[in-house]
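Student: A predicted structure for the sequence below; I have some questions about it.
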Amino acid sequence: MDKKEQILRQRAIETAKKFEMKNTGEGIDVVCFMLEDEKYAIEVLMVSEVHTFVQPTPIPHTPPYIIGIIYLRGRFVSVVDLKHFLGMKEKNTENTSSLLLLSYGVMEFAVTVDTVLEKIKLSKQIIQDIPSGFHLPRKELIYGITEKGTIMLDGKKLIADPEMKLYQEVNTRYTRREQDVQ
């Protein structure tokens, strides 16, 4: 192996280490990310892909938290402004650098996040209930908070939220139109 191959191999190993799962004991695997100045996490099981942010194509007459759609590997995916959906602020993708593609069952959509930080294993013992005086928008979508202040989103509740049922509505409309033609 020549010097160039050794250097490239070492770089690949170092890069891979950055994305290896950090083991903090028994618990749940999560992807940590930033929204504004807060650190959030969501179960890895809900995250099918992570992408750099691409400006979506706007779709008229959609709820304000839907910023548009992107074409991703042969399919159209809705893009949700997660900060706006959680009630943090008006629609704004200025600081957005990444998209998390969330999926569970037939539901699939992307959410905007400011920065994806890491993938770790969180011990269930460090996840606490939200303190009563702690102000969080959309508390029903929050699973808990860690000792260090990471806010755990409940991925299943987020994906199953009635406001996220756009896929079903669009699919139903498309099926009806197909039946009308026949």
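Tutor: Sure thing, it's come through. Numbers count the residues shown, from 1 in each chain.
Student: so where's this protein uncertain?
Tutor: 1, 4-5, 7-26, 90-93, 136, 165-182 (pLDDT under 70).
Student: ok, which stretches of it are helices?
Tutor: 3-19, 82-85, 155-160, 166-181 (DSSP state H).
Student: neighbours of the spatially closest residue to residue 109 that is not a sequence neighbour, how many?
Tutor: In space, and not counting its chain neighbours, residue 109 is closest to residue 78: 4.4 Å by CB to CB, 6 or more residues apart in numbering. All C-beta atoms are positioned from the backbone trio N, CA, C, and that covers glycine. Neighbours of residue 78 under the rule other CB atoms under 10 Å: 20.
Student: test my guess that residue 78 contacts residue 112.
Tutor: No. Assessed by CB atoms under 8 Å, residue 78 is found out of contact with residue 112, at 11.4 Å.
Student: what comes up buried for stretch 62-69?
Tutor: 65, 66, 67, 68, 69 (16 or more other CB atoms under 10 Å).
Student: can you check stretch 44-63 too?
Tutor: Buried-residue list, stretch 44-63, by 16+ other CB under 10 Å: 44, 46, 47, 50, 53, 56.
Student: do stretch 146-162 as well
Tutor: Applying 16+ other CB under 10 Å to stretch 146-162 flags 146, 150, 151, 152, 153, 154, 155, 158, 159 as buried.
Student: residue contacts, residue 68?
Tutor: 55, 56, 57, 58, 59, 78, 79 (CB atoms under 8 Å, 6 or more residues apart in numbering).
Student: identify the farthest-apart pair in those residues.
Tutor: Maximum pairwise distance in the contacts of residue 68, criterion CB to CB, is 14.2 Å, between 55 and 78.
Student: show me where the protein has strands.
Tutor: Remark: strands assigned in the chain by DSSP state E are 28-35, 38-43, 47-52, 66-72, 75-80, 98-104, 107-113, 115-122, 127-128, 142-146, 151-153.
Student: would you mind putting those into CSV with distance to residue 87 alongside?
Tutor: CSV is the format used below for those (distance: least, CB to CB, whole Å):
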stretch, distance to residue 87
strand 28-35, 11
strand 38-43, 13
strand 47-52, 22
strand 66-72, 15
strand 75-80, 13
strand 98-104, 18
strand 107-113, 14
strand 115-122, 20
strand 127-128, 22
strand 142-146, 12
strand 151-153, 13
